[in-house]
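[1] what shape does this take:
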Amino acid sequence: MSTSHTNVGDAQVPAKLTLTELADLKRRGTKIAMVTAYDAAGGRLAEAAGIDVVLVGDSAAMVVLGHEATVPVTMDEMLLLTRAVARSVRHPLVVGDMPFGSFQVSDSDAVRNAIRFIKEAGADTVKLEGAGRMLARVRAIVESGIPVMGHLGLTPQSATALGGYKAQGRTAAKARRLLADALALQEAGCYSLVLEAVPTPVAAAVTAALEIPTIGIGAGPHCDGQVLVYHDLLGLTAGHTARFVKRYADLATIIREALTAYVADVRSGAYPEERHTYAMPADELAAFEATAD
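    Numbers count the residues shown, from 1 in each chain. Model (predicted):
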């Protein structure tokens, strides 16, 4: 991680992590920590914990907006969430996740929407899913001056075409295809690559073959970094979670208990107490009461 700093008022804060420094982490063998976050509070806490990269993922569709898949989230919704995160962090790279429909139609659409992430939302880079015909999209965005993070393996926006939310690259032919796609994305200009739900040996081979860092999610320990969804690792996700999720806390239980205690206090009158209220000068109170009478 960079040790350079910039002055903000009287405080020193770490300078923005650069793509060169990110690449250096891979060369040095220093693992990259990436997390999704969807609001200012999440961004601030991620930065305070030492996170290198914050992804404002289209998983917000499910985690924040209540959809059952990532596809429904819109550009405007993603820009709103990305803007909130970008305002709250200084050091981590902020990656805006391009939602379904924002880059598939044409190169010009892809460039225009990528520019919106940078210009309107304050993102540092964007991420998009897939290879194949998406290679042209990557090249067009990179040529416009915007860095691109790729995404291979399980690509949620095309999960239906992949046969559902299943691990990818589990046959020799599919593993070779995934490796070829990874090399093609690097050649197209990607500065990093997410590998999702990929067998460990395949992810290891891809990581060894690439000069750019790989970020794994369900892709084993040999990637150059790891990413988890903020709400998953904090135990805020209801229902089933993927096998690669490790819960580092059970905040759902803590929050539920706190809210239950609040409800009980409100109904019993235990809240608010005297210390939670505001007074007024006695003469002003007497004048008010006289007027009220």
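
[2] OK, contacts around residue 222?
    By C-beta atoms under 8 Å, 6 or more residues apart in numbering, the contact list for residue 222 reads 200, 203-204, 207-208, 216. C-beta here means a position set from N, CA and C on the backbone, and glycine is covered the same way.

[3] residue 143 now?
    Residue 143 neighbours (C-beta under 8 Å, 6+ apart): residue 189.

[4] all numbers from here: first residue = 50
    In the new count, where the first residue is 50, that last one comes out as residue 192.

[5] phi, psi of it?
    Backbone geometry at residue 192, expressed as degrees, to the nearest 10, gives phi -70, psi -20.

[6] let's verify the spatially closest residue to residue 237 that is not a sequence neighbour: helix, strand, or coil?
    Excluding the flanking residues, the one nearest residue 237 by C-beta to C-beta, 6 or more residues apart in numbering is residue 187, at 4.2 Å. Secondary structure assignment for residue 187 (DSSP: H, G, I helix; E, B strand; the rest coil): helix.

[7] what's residue 187 in contact with, if anything?
    Going by C-beta under 8 Å, 6+ apart, the list of residues near residue 187 reads 177, 197, 199, 234, 237-239.

[8] what about 6 Å?
    197, 237-238 (C-beta atoms under 6 Å, 6 or more residues apart in numbering).

[9] turn those into a markdown table, columns for pLDDT.
    Output for those, formatted as a markdown table (pLDDT from 0 to 100):
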| residue | pLDDT |
| --- | --- |
| 197 | 98 |
| 237 | 98 |
| 238 | 98 |
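
[10] so how far is stretch 122-140 off the chain centroid?
    When distances are taken as C-alpha atoms, centre = their mean, to the nearest Å, stretch 122-140 is centred 10 Å away from the chain's centroid.

[11] ok, residues contacting it?
    With C-beta under 6 Å, 6+ apart as the criterion, stretch 122-140 contacts 62-63, 66, 86-89, 92-93, 96, 103, 105, 107, 109-110, 143, 145, 148, 151, 162, 169-172.

[12] state the pLDDT value of residue 215.
    We have a pLDDT of 70 for residue 215.

[13] from the middle of its chain, how far away would stretch 88-104 be?
    9 Å.

[14] just to revisit the earlier point, show the buried residues in the contacts of stretch 122-140.
    63, 66, 86-89, 92, 96, 103, 105, 107, 109-110, 143, 145, 148, 151, 162, 170-172 (16 or more other C-beta atoms under 10 Å).
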